[in-house]
Structure formats: C-alpha cells, structure tokens
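In: Fold the following, please.
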Amino acid sequence: MTIDYENVIPKLKIALLVVGTRGDVQPFLALALRLQEYGHCVRLATHSQFDGFVSSAGVNFYPLGGDPRIMAECFVRARSILTPRPRDMALQRKQLRNVIESLLPACTQPDPVSTEPFRAEAIIANPPAFGSKDIAEALGVPLHIMFTVPWTPTRAFPHPFTQRAGRLSYALVDLMIWWGIRGFINGMRKNKLNLSPIGFLNSRHISISQVPTSYMWSSHVLPKPNEWGPLVDVVGYCFLNLGSKYEASEDFVEWMQKGKKPIYFGFGSVPLKKSEKVTCMILEALKKTGQRGIIDPGWGDLGTNVDIPQDVFVLSDCPHDWLFPQCDGVVHHGGPGTAAAGLKAGCPTTVVPFCGDQFLWGKIMHEKGVGGLPIPIQHLSVQALTEAINFMLQPQVKSRALELAEKIALEDGVGAAFRAFHRHLPNMENKHGRSDA
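Out: Presented below is the predicted three-dimensional model:
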C-alpha cells in the first residue's frame, strides 16, 4: 500500500544531527533538500567547517561542536575503536563532549542568522551524534537513525570499527563508547534535560537496535541481513548532484583532452603522515603502467611538495560525480561517499583502507569483482599500486563495474530514505500498514 504523504504527514520542523566528515554530511544534505521540497522546515546541524557547503545548497545550518579533522586523525591513529591510545582517547572524549553539549541547542535554539524560532518536532541523526536519543526522549519527539556505515548488530559481518568478534563486536563497541561518554550524557540528562541518569553498565542505552534506522547504501552492494527486521531499511545511496553545476578550469579541460582517461588517486578526509612518500609511489606506479593520473590532495596533502610530471594533474575540490565518469579507475581510502561515487560512475576501484568501515567496503569491492584486493595503507607500495592499476584496466573488471552501476542507477536512495522516515513516524505503520521503501 502506498501512503499519500501529502494528506497524512504534517509539515514538521526536523533537525538533522550529523557528526563526521564531508562524506558523512553530503548524503544528509541530499535528504534535507528532499524533505524541504515536501514542505518540512529542515535544519542540518553539523560541524562549523561545513557551514558554507550546507548553506550554499539552500538548507538552514546550525553548528555542532567537535572538530571532524581531529576526530578523524585520532581514529586513523588507533585504527580500531577498541584499541585507542590514551592521548587520542582524551582528545576524542573532548571532541565528543563538545558534540553532546551542542545537540540540545541544535534542536531548540533560534536560527543563528534569521533568529526565527526553532524547536525540533522530529530528529534524524547518525549514530556518532551520541546523545540524540536523550534529546528525543526529553523533547518527546520521534528519532530516526540514518548512516552510511553498518551499526545494527548482525552475524553477517563484525562491526566495521573493530573487524573482529562477530555479532559480539557491536556490544563491545557500544560498551567502549558508553564508558567514554556516560559522564557527558548523564550530565546533560541531569542538568539540561531533567531526566534520570543511566547506569554505568547500561551500554544498551546508546544502542540503535530499537530505533528506526535507514542505511544509505545499495542493497546490490551490501544486502540487508535477514535478522535486521522491519525497523531497519537499506534505502540505497543518497547522491547529491554537484557535477551539473561544476565548471572546470581551462587548464584542466585542456589537460584532459591531451591524452587517455586518467586514474584518480585521493584519500579524502583521511590525514596522511608521509604524503610525499605516498605521492612518489603513485607517480612511479603510473610511470610503470604508462597511465595518466589525477591526484586529489584532500586532508592528507597528497601531491604536495613533490615535482609533478606533465601527465599527472593535481586537482582539488572537484565533484566526484563530474570527475569519476571521465576516469579509467579510482584509487581511494574506501570512505562510503567516495566508494558510492565510484560505483555510480562504473569505475573499477582500488581501496587503500586506513581504518574502520573502509576495510569492509574494500573487501566488498573485491568480492564484487570491481576491484583488486584492498591495500592497507601500511602495506602500500609501488608494486601493489602497479598491480592494482593493471587489474582495474582489465576489460572484464570494467564490464562488471558498469553492470553494478546500471543497477545502482535504477535506485532512488534519497526518495527511499524520505519515505522510510515518513513510514516510521508514530502511528503511520498502524494507520496505513507498511509500504515498500
């Protein structure tokens, strides 16, 4: 049964609470635009670094605490959430405290520019926005979790932030996080929300198992595990169309026209310790394979402080949906946003994972036959990159990538996320029955 949303869903004030890097923010911005089209009043609350990105798209922005660059650096150094260094643990706790303390204002304070009043009537959050559950409880509003990374317990694969211990890994991650932030959560509950504190061992408080959840990836890439049940949807990738408005520089257009399609290299929002060394590996591998290349500096300053040959172009801030269709292959860190863009473009992919879910997406790329074995950053070498480039250039690999891209093109992840949010609002399921996402 299809619900006539225009007649049954009221126009709501919705707060989207997003913690992470740009790859985390971008799919939520696409959803925010769709919610606005329906008539909802939407506020996207995320880190101040993304103010211009959100505001320029026409969505109201509100700043959350925390510095995503510091958080990413700490996580990359630890590689697993279960084995943080003491100094990094202290830094992460400070960042998470700043996030948690900013959540209530993000849901209740007037617009910082227009001063128009705002009080959330529904909340959409990603799991790292720890405390969103408590805010929703205090305000008496529905909460919907959305994310690009698996966070719901399953036996199908371990928690991506541990890569071990099977289904138990999800409880271990919850426990580690709870022990780190319980003081901040309980302080907010007592001092700001007038709620009872949560017990020391009750890590299930931050579990999302009983919360409606939508995962923003294609079921053709990672199918929904059978045990996830009706509260969980896999809606598809939520793409934001940036390429149609992008205008490339004349020198880049001329460079592209001078030779064959290039191989893209970029590690996005991941910090990089030895960028010069990695850049030299890339240049040598391109030379050995006779390929042209594009290097995206990202947060790791790749391609800087090194002499770049004429058949390699250093390119910053270029939309992947514009660039990747013009490439013969992409080599990246395996962030879900970059991975999605490469798959959509039908690009053979090599993943160089640093930490967390990047290993999962790299493994899936290989299993789907659209990329070679992932190359963990600590094992990166000229030989490994050379073999990866040669693998991506095989016709059968390109064919498989195009087949997968055709399936992804038939999906409407943003629309499915929009419908899943509406479907899980209180009483919608009872009044109208479930409808397909």
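In: So, low pLDDT: which residues of the stretch 1-150 of the chain?
Out: Applying pLDDT under 70 to the stretch 1-150 of the chain flags the ranges 1-7, 79-84.
In: go with 90
Out: 1-9, 71-91 (pLDDT under 90).
In: those helices in it, which residues are they?
Out: For the stretch 1-150 of the chain, the helices defined by DSSP state H, counting those that start in this stretch occupy 5-8, 22-38, 51-55, 68-78, 86-108, 132-139.
In: Using CSV, write out the CA atom coordinates for the strand or helix carrying residue 185.
Out: Here residue 185 sits within helix 168-191, counting by DSSP states H and E. The C-alpha trace of helix 168-191 is given here as CSV (Å, rounded to 0.1, in the frame of the first residue of the first chain):
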residue,chain,number,x,y,z
LEU,A,168,29.6,-9.5,19.9
SER,A,169,31.6,-6.7,18.4
TYR,A,170,28.6,-4.4,18.3
ALA,A,171,28.0,-4.8,22.0
LEU,A,172,31.8,-4.2,22.6
VAL,A,173,31.7,-1.0,20.6
ASP,A,174,28.7,0.2,22.5
LEU,A,175,30.3,-0.6,25.8
MET,A,176,33.6,1.2,24.9
ILE,A,177,31.8,4.3,23.7
TRP,A,178,29.4,4.3,26.7
TRP,A,179,32.3,4.1,29.2
GLY,A,180,33.9,7.1,27.4
ILE,A,181,30.9,9.4,27.2
ARG,A,182,28.5,8.3,30.0
GLY,A,183,29.6,11.2,32.2
PHE,A,184,28.7,13.7,29.5
ILE,A,185,25.4,12.0,28.7
ASN,A,186,24.3,11.8,32.3
GLY,A,187,25.4,15.4,33.0
MET,A,188,23.2,16.5,30.1
ARG,A,189,20.3,14.4,31.3
LYS,A,190,20.5,15.8,34.8
ASN,A,191,21.4,19.4,34.2
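In: Quick one: residues contacting residue 296.
Out: 264-268, 302-303, 314-316, 318 (Cβ atoms under 8 Å, 6 or more residues apart in numbering). For every residue, glycine as well, the C-beta is placed using N, CA and C.
In: I should have written residue 141 there, sorry.
Out: So residue 141 contacts 120-123 (Cβ under 8 Å, 6+ apart).
In: So residue 269, which state does it fall into?
Out: coil (DSSP: H, G, I helix; E, B strand; the rest coil).
In: Setting aside sequence neighbours, what's the nearest residue to it?
Out: residue 21 (3.7 Å; Cβ to Cβ, 6 or more residues apart in numbering).
In: Enumerate every residue touching that neighbour.
Out: Taking Cβ under 8 Å, 6+ apart as the test, what residue 21 contacts is 68, 72, 268-269, 335.
In: Phi first, then psi, for it.
Out: Note on residue 21: its backbone torsions stand at phi -90, psi -180 [degrees, to the nearest 10].
In: how close does residue 294 get to residue 426?
Out: Distance, residue 294 to residue 426, using Cβ to Cβ, to the nearest Å: 48 Å.
In: per-residue pLDDT, the residue lying farthest from the centre of the chain?
Out: Computed with Cα atoms, centre = their mean, the residue of the chain farthest from its C-alpha average is residue 258, at 34.4 Å. Reading off the confidence values, residue 258 has pLDDT 93.
In: again, but for the one 10 residues further on
Out: According to the prediction, residue 268 has pLDDT 93.
In: Show me how far the host helix or strand of residue 251 is from its chain's centre.
Out: Here residue 251, judged by DSSP H and E, is contained in helix 250-257. Relative to the mean C-alpha coordinate of its chain, helix 250-257 is positioned 31 Å out (Cα atoms, centre = their mean, to the nearest Å).
In: moving C-terminal of that helix, what's the next helix or strand?
Out: Helix 250-257 is succeeded, C-terminally, by strand 263-266 (DSSP H and E).
In: if I look at residue 400, how far off is residue 368?
Out: Residue 400 is 7 Å from residue 368, by Cβ to Cβ.
In: scratch that, residue 421
Out: Per Cβ to Cβ, residue 421 is found 29 Å from residue 368.
In: Is it possible to mark the buried ones in the contacts of residue 296?
Out: By neighbour count, with 16 or more other Cβ atoms under 10 Å, those hold 264-268, 302-303, 314-315, 318 as buried.
In: quick revisit: more neighbours, residue 421 and residue 368?
Out: residue 421 (27 against 17; other Cβ atoms under 10 Å).
In: hang on, isn't that one packed against residue 143?
Out: No: here residue 421 does not reach residue 143: they are 10.7 Å apart, not a contact under Cβ atoms under 8 Å.
In: between those two, what contacts are shared?
Out: 122, 124, 212.
In: neighbour-wise, which of the residues you listed leads?
Out: residue 124 (27 neighbours).
In: and it, how far is that from residue 17?
Out: 7 Å.
In: Which among the helices of the stretch 1-150 of the chain is found nearest to residue 283?
Out: helix 68-78 (23.2 Å; Cβ to Cβ).
In: how far off helix 86-108 does that closest one point, in degrees?
Out: 140 degrees (axes from the mean of the first three to the mean of the last three Cα atoms, to 10 degrees).
In: what about stretch 349-356, how long is it end to end?
Out: Stretch 349-356 has an end-to-end distance of 18 Å (Cα to Cα, to the nearest Å).
In: ah, wrong one, I meant stretch 340-351
Out: 12 Å.
In: buried set for it?
Out: Quick answer for stretch 340-351 (16+ other Cβ under 10 Å): 340-351.
In: Also stretch 272-285?
Out: Using 16+ other Cβ under 10 Å as the burial criterion, the residues of stretch 272-285 that qualify are 272, 275, 278-279, 281-283, 285.
In: Report the distance from that stretch to the chain centre.
Out: 25 Å.
In: Quick one: mean pLDDT for it?
Out: Mean predicted confidence for stretch 272-285 is 95.
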